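**Student:** from the sequence below, what's the structure:
(chains A and B)
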Protein chains: 2
Amino acid sequence: MSATPASRVAVPIELGDRSYDILIGTGLLDDPKSFDGLPAAACAAIVTNPTIAPLYAARLQTALGARYARVLVIELPDGEAHKDWTSLNTVFDALLAAGCDRKTILFALGGGVVGDIAGFAAACYMRGVPFVQVPTTLLAQVDSSVGGKTAINHPLGKNMIGAFYQPLRVVADLATLDTLPVREVSAGLAEIIKYGPIADSEFLDWLGTNLDALRARDKTALAHAVRRSCEIKAWVVGQDERESGLRAILNFGHTFAHAIESGLGYGEWLHGEAVGCGMVMAADLSARMGLIDPSLVDRLVRLIERAGLPIVGPKLGVPRYLELMRLDKKTESGEIRFVLLDGPGHEVMRAAPQALVAQVIDARTA
Amino acid sequence: MSATPASRVAVPIELGDRSYDILIGTGLLDDPKSFDGLPAAACAAIVTNPTIAPLYAARLQTALGARYARVLVIELPDGEAHKDWTSLNTVFDALLAAGCDRKTILFALGGGVVGDIAGFAAACYMRGVPFVQVPTTLLAQVDSSVGGKTAINHPLGKNMIGAFYQPLRVVADLATLDTLPVREVSAGLAEIIKYGPIADSEFLDWLGTNLDALRARDKTALAHAVRRSCEIKAWVVGQDERESGLRAILNFGHTFAHAIESGLGYGEWLHGEAVGCGMVMAADLSARMGLIDPSLVDRLVRLIERAGLPIVGPKLGVPRYLELMRLDKKTESGEIRFVLLDGPGHEVMRAAPQALVAQVIDARTA
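**Tutor:** Purely as a prediction, here's the structure:
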């Protein structure tokens, strides 16, 4: 993929009448063609945050000006700690105060938090208005903006209140990654690495070779990693939109990760950092259950460490980890269910013996 | 229809894989058979209010006990004024505190407010859990429990935040209407009367003959009125689940009604009372636009008055009515759109000249 303006690939997500494309390329944000074919509306609104707004909001507003007579900008406070009802209501207040009707189209400009809130706001505003994801973080481009999961947090658990609600399009402009803090590049790499062990051992090999290029934000490497990640996610979501089965594999590492985030307080660790460490713990658990060879655990741990991610979890204690993990949405009838590996590129979802879970927590936290 | 326990009819709503039945009969609430075929779950929760709970919660809990090992009862404050985020969050708090997982099934036991909140809670809890409507008011049995519209109010407008989310079943037990206050029987009759002018002039004639029997809660008359109302609503919703066109006819009288409710403060008038008066105003507007003969207006006004409903709106003033009506969800690009009659059993949706709307407000408020 070249870096000339508006060079792009389109990865389709097949969901019947809710199908859509993920556009991936460099310079997409400024190009009105990225928004061709979206529905007409009297009012468009960009939902963003104070970090992203000064960098990209005016540029997106200009590009959208070709289609929409009126483009509001709604700023939400930055960070996972603000993924709550208050921020959600900020969107509703702004839309209602501006008299935005039920044809209004929302654009989520930012990372996973903005995408989750704007998407859930779109799902609920006047019982549903269209929306477009314009992810500006690596994590959002490869994971959270794709697949229609939207949510806010509740004091008793992460992403507990939300909806499955698909965007009309995802516009992933790789140029926005140039302004991303180093720590957030690493967080995005966690979700990219995830796709290797769960679905594609060749991609896992490719990541071993190209991890340094990705950390250096080489556009060719990023384009391949984002595209391949989106292809795998599109394949999974296309088969199980509402996570009744297969889709849960995308949560590899996330059961431990949610416990870390919730136990430390949302926002202390980045989501991707918790996922990196959570994958270490889930891989270790898979090995202790005899599903994979310990060498695969070591290989994954090295890759996660090279990505600049934590590989040791916070010392919350075994009972607290278990208590927090029981709140996971995959829990059924009180039994914690884990996404585990049973070989490179293969995974299973199942419960695990509590003694082995406790061993993992002891071994992988400090 | 006889009044022996568990006598029932089933009105189907055809919505593809979201199809379901409305069960109508006497004694359904206490009969475990009313809940046959619902999905298994470790946790069921009855969402209700302090008025309904002492009458019916324990009875429903017992009937559900045959299927569900654990049946929580969650009480919300009563009334439209509490159809807000605080009540919604009460449901989430209770479910999370009790460790209810994403197979949990919710039962909305009460009127329209309980149904709207419980339905929206079901739509959002862990991104969607199943729910069943058990309406105990006439208005909920003939209108709000059927069709999957769920919502809460926002300070800037009624039902602004919500979802289209279908129940798995509606269980309308006519015996619960025996405990309904007289004023709420009238409010329910408003929505029943509505189905005549918009869709079925024979039903309008039938109502003229049977209105006194309905007010006296004659079970045979109620069974026919509830069934016919649900059949008409099922037919409309089956063709336009998400209100992109036809479904808007169900809002006959509602544009004025929402302005009345919002202008007085939610809960001052019952929703059905506002709809009764709103139908007077919408019919009058239809006549002033030359769409119907004034004699049809007079006929409707007499029927609404005989139902015990207000036929004169509060004096909020023309500018305030217009301002409030512009917030209606049917408004497009600032133009207020009304559901109007163009004959008995026929309706159209269109904008109206502001001068005529002002005349109606002047003539029909005091």
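
**Student:** can we go C-alpha only for contacts and neighbour counts from here?
**Tutor:** Fine.

**Student:** partner strands of the helix or strand bottoming out on mean pLDDT in chain A, with direction?
**Tutor:** Ranking every helix and strand in chain A by mean pLDDT, DSSP states H and E puts strand A:347-351 at the bottom, with a mean of 89. Using DSSP bridges, the strands paired with strand A:347-351 are strand A:337-341 (antiparallel).

**Student:** show me what from the stretch 201-350 of chain A comes close to chain B.
**Tutor:** Proximity of the stretch 201-350 of chain A to chain B is confined to A:Leu327, A:Lys329, A:Lys330, A:Thr331, A:Glu332, A:Ser333, A:Gly334 under the rule C-alpha under 8 Å from any C-alpha of the partner chain.

**Student:** and the closest residue in space to A:Thr331 that isn't next to it in sequence, what does it touch?
**Tutor:** Nearest in space to A:Thr331, with sequence neighbours left out and distances taken as C-alpha to C-alpha, 6 or more residues apart in numbering or on different chains, is A:Arg337 at 5.7 Å. By C-alpha atoms under 8 Å, 6 or more residues apart in numbering or on different chains, the residues touching A:Arg337 are A:Lys330, A:Thr331, A:Met349, A:Arg350, A:Ala351, A:Ala352.

**Student:** which stretches in the stretch 151-300 of chain A count as helices?
**Tutor:** Per DSSP state H, counting those that start in this stretch, the stretch 151-300 of chain A carries helices over the ranges A:182-199, A:201-215, A:219-239, A:254-264, A:271-288, A:294-306.

**Student:** would you map the strands across chain A?
**Tutor:** A:7-13, A:20-26, A:44-48, A:71-75, A:105-110, A:131-135, A:149-154, A:157-164, A:169-173, A:337-341, A:347-351 (DSSP state E).

**Student:** and the first one, which residues are buried?
**Tutor:** When you say that, I think you mean strand A:7-13. Going by neighbour count (16 or more other C-alpha atoms under 10 Å in any protein chain shown), the buried part of strand A:7-13 is A:Arg8, A:Ala10, A:Val11, A:Pro12, A:Ile13.

**Student:** among those residues, which one has the lowest pLDDT?
**Tutor:** Here the lowest pLDDT out of those sits on A:Arg8, with 87.

**Student:** so that one touches A:Ile22, yeah?
**Tutor:** No. If you go by C-alpha atoms under 8 Å, A:Arg8 and A:Ile22 don't touch, sitting 9.8 Å apart.

**Student:** how is chain A divided into domains?
**Tutor:** According to automatic domain parsing, chain A comprises the domains A:7-177, A:182-210+A:238-364.

**Student:** now the closest residue to A:Asp200 other than its chain neighbours: how far from chain B?
**Tutor:** Closest residue in space to A:Asp200, ignoring its immediate chain neighbours: A:Gly345 at 4.7 Å, by C-alpha to C-alpha, 6+ apart. For A:Gly345, the distance to chain B equals 28 Å [C-alpha to the nearest C-alpha, to the nearest Å].

**Student:** mean confidence score for stretch A:289-298?
**Tutor:** 95.

**Student:** and it, how far apart are its ends?
**Tutor:** Taking C-alpha to C-alpha, to the nearest Å, stretch A:289-298 runs 16 Å from one end to the other.

**Student:** now do the buried residues in it.
**Tutor:** Going by neighbour count (16+ other C-alpha under 10 Å), the buried part of stretch A:289-298 is A:Met289, A:Leu291, A:Ile292, A:Asp293, A:Leu296, A:Val297.

**Student:** repeat that for stretch A:193-208.
**Tutor:** For stretch A:193-208, by 16+ other C-alpha under 10 Å, it's A:193-201, A:203-204, A:207-208.

**Student:** the closest residue to chain B within the stretch 1-150 of chain A: neighbour count?
**Tutor:** Proximity of the stretch 1-150 of chain A to chain B (C-alpha to the nearest C-alpha) peaks at A:Arg127, 4.2 Å away. Applying other C-alpha atoms under 10 Å in any protein chain shown, we find 22 residues neighbouring A:Arg127.

**Student:** hmm, B:Gly162 and it touching each other?
**Tutor:** Yes. Using C-alpha under 8 Å, A:Arg127 makes contact with B:Gly162 at a distance of 4.6 Å.

**Student:** still on that earlier bit, what is the residue nearest to A:Thr331 paired to in the beta sheet?
**Tutor:** A:Ala351.

**Student:** check what pLDDT the residue minimising distance to the centre of chain A gets.
**Tutor:** Nearest to the mean C-alpha position of chain A, by C-alpha atoms, centre = their mean, lies A:Ser144 at 2.4 Å. We have a pLDDT of 91 for A:Ser144.

**Student:** and if you look at A:Ser2?
**Tutor:** 38.

**Student:** again with the one 3 residues further on
**Tutor:** If you check A:Pro5, the pLDDT there is 46.

**Student:** most packed of the helices of the stretch 151-300 of chain A?
**Tutor:** Highest mean neighbour count of these: helix A:271-288, a mean of 27 (counted as mean count of other C-alpha atoms under 10 Å in any protein chain shown).

**Student:** with the contacts of A:Arg337 in mind, which one is nearest to A:Lys33?
**Tutor:** Among those, A:Lys330 lies closest to A:Lys33 (C-alpha to C-alpha), at 40.0 Å.

**Student:** grab the nearest non-local neighbour of that closest one.
**Tutor:** Closest to A:Lys330 by C-alpha to C-alpha, 6+ apart is A:Arg337, at 6.0 Å.

**Student:** and that neighbour, how far is that from B:Trp206?
**Tutor:** From A:Arg337 to B:Trp206 the distance is 58 Å (C-alpha to C-alpha).

**Student:** what does A:Lys219 give?
**Tutor:** 72 Å.

**Student:** in CSV, list the buried residues of strand A:7-13 along with distance to A:Gly111.
**Tutor:** Shown next, in CSV, are the buried residues of strand A:7-13 (distance: C-alpha to C-alpha, whole Å):
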residue, distance to A:Gly111
A:Arg8, 20
A:Ala10, 20
A:Val11, 20
A:Pro12, 21
A:Ile13, 20
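
**Student:** also near chain B: which of these, exactly?
**Tutor:** Counting by C-alpha under 8 Å from any C-alpha, no member of the buried residues of strand A:7-13 reaches chain B.

**Student:** from those residues, which single one is nearest B:Gln359?
**Tutor:** Once C-alpha to C-alpha is applied, the member of the buried residues of strand A:7-13 that ends up nearest B:Gln359 is A:Ile13, at 52.5 Å.

**Student:** from A:Gln166, how far out is the closest one?
**Tutor:** 10 Å.

**Student:** who does A:Val73 form a beta bridge with?
**Tutor:** Assessed by DSSP bridges, A:Val73 has beta-bridge partners A:Ile46.

**Student:** thinking again about what came up before, relative to A:Leu60, which of the buried residues of strand A:7-13 is nearest.
**Tutor:** The closest of the buried residues of strand A:7-13 to A:Leu60 turns out to be A:Arg8 (C-alpha to C-alpha; 17.1 Å).

**Student:** skip the chain neighbours and tell me the closest residue to the closest one.
**Tutor:** Closest to A:Arg8 by C-alpha to C-alpha, 6+ apart is A:Gly25, at 4.2 Å.

**Student:** which residues touch the closest residue to A:Met349 other than its chain neighbours?
**Tutor:** Residue nearest to A:Met349 in three dimensions, not counting chain neighbours: A:Val339, with 4.4 Å by C-alpha to C-alpha, 6+ apart. Counting by C-alpha under 8 Å, 6+ apart, A:Val339 makes contact with A:Ala248, A:Ile249, A:Asn251, A:Phe252, A:Gly253, A:Ala282, A:Glu347, A:Val348, A:Met349, A:Arg350.

**Student:** likewise A:Asp362?
**Tutor:** Going by C-alpha under 8 Å, 6+ apart, A:Asp362 touches A:Gly317, A:Val318.

**Student:** cool, and A:Ile152?
**Tutor:** A:Lys83, A:Asp84, A:Trp85, A:Leu88, A:Asp116, A:Ile117, A:Phe120, A:Lys158, A:Asn159, A:Met160, A:Ile161, A:Gly162.
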